[in-house]
Structure formats: C-alpha cells, structure tokens
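Colleague: Take this sequence and fold it.
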Amino acid sequence: MEWVLSVGVVAAVLLVLWRVGVLSGGASLCVGGCWGWRDRWTGRYSYFSGLLWRRFRPAAGGYDVLVVQVKTQAGNLDLELRERDGTVLYCWSELEDASFCVDVCGKKDLIVRIEGNSYKGNFSLRLLRSQEDREDTP
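Modeller: Predicted coordinates for the structure are as follows:
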C-alpha cells in the first residue's frame, strides 16, 4: 500500500512541475541536453533530431520579452512560438547564428516548439521583465 502512496506523490509532483513550466516534453534522438527553469531554457547538442517543447507563462511573472539566441554548427533548427489554443505567433526555419527579441507582453500561456534535424549547436531562450533588464541581449 505504501508504494501506491509513493507513486501518487511522485505523479503529483511531476504534474505540478509540468504545469508551472519547469518540465518540458518532446521526442528526440540526441547527444547533449537541455536545461530549463521557469524563465529560461537552454540546450547544447552534438547531435539532435526530433521535437522538443516547453511551456512559458510570461504574464504570470510580469515578463514582456523573450530573448532567443541560436548558434548552429551543423544541421537545421526550427523554432515555433504558439499560444496554448494553437495560434502560431512566430515561426522561424533553419536558424543558423541568430539572436533576437520577441514581444510577449500580456501573453498568458506560450508553447515553444524546437525541431532539430541532425542539429549540432546550442540555443537559449529567456524571458525578461522590461527593456531595462536587457543588459547583455542583442
């Protein structure tokens, strides 16, 4: 009976982490990894083919800018930003070396999808609260 309680507690913790955006999802074949926090998502790969996604909640933290930085050494990386209802806000294909900011002011629930095809390189996405917070951004 104790194992049932343990499984329930673990499932509840994972659900809470997913709902607040700490956990991400996807299906991929990769060598490397990605790390995420509430306001940031970074990845570094020697090989990545597949799809990853992560949920951000800009309005909940008072964030209004999403900073995207990509460095590609090989392969392709596509990035898509959509609202929870499926509305695509932005879509970038075959990103190479890129660094740009996206206005997300007032957006409640966003999903970032990253698709790699034999990708080697790294990416970084982070939310910022205001123009003043942008000290080392593009």
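Colleague: In contact with S130, which residues are there?
Modeller: D64, V65 (Cβ atoms under 8 Å, 6 or more residues apart in numbering). Every residue, glycine included, has its C-beta placed from N, CA and C.
Colleague: ok, now R40?
Modeller: S124, L125, R126, L127.
Colleague: same check, this time on V68
Modeller: Here V68 is in contact with L79, A98, S99, F100, C101, V102, F123, S124, L125 (Cβ under 8 Å, 6+ apart).
Colleague: Look up the residues forming beta bridges with the fourth one.
Modeller: Beta-bridge pairing of F100 under DSSP bridges involves V68.
Colleague: For the protein, which segments are assigned as strands?
Modeller: For the chain, the strands defined by DSSP state E cover 25-37, 40-56, 65-83, 88-92, 98-103, 110-128.
Colleague: Measure how the second one sits relative to strand 110-128, angle-wise.
Modeller: Just to be clear, that refers to strand 40-56. 140 degrees (axes from the mean of the first three to the mean of the last three Cα atoms, to 10 degrees).
Colleague: What about the nearest residue to L79 once chain neighbours are set aside, how many residues nearby?
Modeller: Distances taken as Cβ to Cβ, 6 or more residues apart in numbering place W92 nearest to L79, at 4.8 Å, with adjacent residues excluded. Residues lying near W92 (other Cβ atoms under 10 Å) number 15.
Colleague: Model confidence at W92, what's the number?
Modeller: Predicted confidence (pLDDT) for W92: 92.
Colleague: Please apply the same query to D103.
Modeller: 92.
Colleague: How many neighbouring residues does it have?
Modeller: So D103, with other Cβ under 10 Å, has 12 neighbours.
Colleague: ok, it touching V65?
Modeller: Yes. With contacts counted by Cβ atoms under 8 Å, D103 reaches V65, the gap being 6.6 Å.
Colleague: got any ranges where this protein has weak pLDDT?
Modeller: For the chain, the stretches with pLDDT under 70 are 1, 3-36, 131-138.
Colleague: hmm, 90 instead?
Modeller: Under the criterion pLDDT under 90, the flagged ranges of the chain are 1-53, 56-57, 59-62, 84, 95-96, 105-108, 129-138.
Colleague: Tell me who's in contact with the spatially closest residue to A74 that is not a sequence neighbour.
Modeller: Residue nearest to A74 in three dimensions, not counting chain neighbours: K120, with 4.1 Å by Cβ to Cβ, 6+ apart. Residues in contact with K120 (Cβ under 8 Å, 6+ apart) are Y45, S46, Y47, F48, T72, Q73, A74, G75.
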